[in-house]
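# everything below, folded, please.
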Amino acid sequence: QARSESVTDGLPGLSNRRYFDEVYRMRVKEAQDMGTPMCLVVFDIDHFKRFNDTWGHPTGDQVIRFVGAALQGRALPDQLVARYGGEEFVAILPRKHLSAAQEFAEEVRKVVEGKKLLRKSTNESLGRVTVSAGVAELSPGEDGAALLQRADDALYVSKREGRNRVTLAAAAADRRAVA
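Presented below is the predicted three-dimensional model:
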């Protein structure tokens, strides 16, 4: 029980950042050693500050729990979803190519967008909750930090281009060719 509590973020009931870091290192090494694909998806709740400012932190917590449940509900047993920090979440998809990771991210995005959330205390509508996502596939020779940076960069493209969308990161080799 102590181990479970030490690796779980109590609010959404997902893995915490520390456990994500541990599993992420292992999954990157596994993919590199075995030559298998691996993808990382980074999600961010759109306009999250507005929920906290308008409705208060308990309602913001409700939104975090909802998005966490949407992620967990779409993840396969060997996939890890975690709260990365604040309103940001990550999903490690071992043995999955970019197209499968994109499909996963789109499913989560659609589930979140399609649910009408009500404030528990008053039954008032919270308006539309949406998420943006960035998806990246591990490139040969790439380390975990570079993969995370590419997924995060793709997330911020989603945010800049209007939110509530999924953006695929360019392959590491493509980025080096452009640089």
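
# element containing the residue lying farthest from the centre of the chain?
Most distant residue from the mean C-alpha position of the chain: Thr122, 29.3 Å away (Cα atoms, centre = their mean). Counting by DSSP states H and E, Thr122 is held by no secondary-structure element, helix or strand.

# how close does it get to Ala145?
As judged by Cβ to Cβ, to the nearest Å, Thr122 and Ala145 stand 44 Å apart. All C-beta spots, glycine's among them, are computed from the backbone N, C-alpha and C.

# re earlier: what's the residue farthest from the centre of the chain sitting at in phi/psi?
phi -130, psi -10 (degrees, to the nearest 10).

# where do the strands sit along this protein?
8-9, 14-15, 38-45, 80-85, 88-94, 131-137, 166-168 (DSSP state E).

# my guess is Ile45 contacts Arg65, does it?
No: with contact defined as Cβ atoms under 8 Å, Ile45 does not reach Arg65; the gap is 11.3 Å.

# compare those two (neighbour count), which wins?
Ile45 (23 against 14; other Cβ atoms under 10 Å).

# now that one: closest residue in space, sequence neighbours ignored.
Counting by Cβ to Cβ, 6 or more residues apart in numbering, Glu87 is the residue found nearest to Ile45 once chain neighbours are left out, at 4.1 Å.

# ok, now which ones touch that neighbour?
Glu87 makes contacts with 44-45, 48, 63-64, 67, as judged by Cβ atoms under 8 Å, 6 or more residues apart in numbering.

# again, only using 10 Å
When contacts are counted by Cβ atoms under 10 Å, 6 or more residues apart in numbering, Glu87 touches 43-49, 51-52, 60, 63-64, 67, 131.

# kindly report the same for Ala101.
37-41, 79, 91-93, 133, 135-137, 151, 166, 168.

# how near is it to Gly13?
Distance from Ala101 to Gly13, by Cβ to Cβ: 23 Å.

# re the thing from before, mind checking how far the residue nearest to Ile45 is from Leu118?
19 Å.
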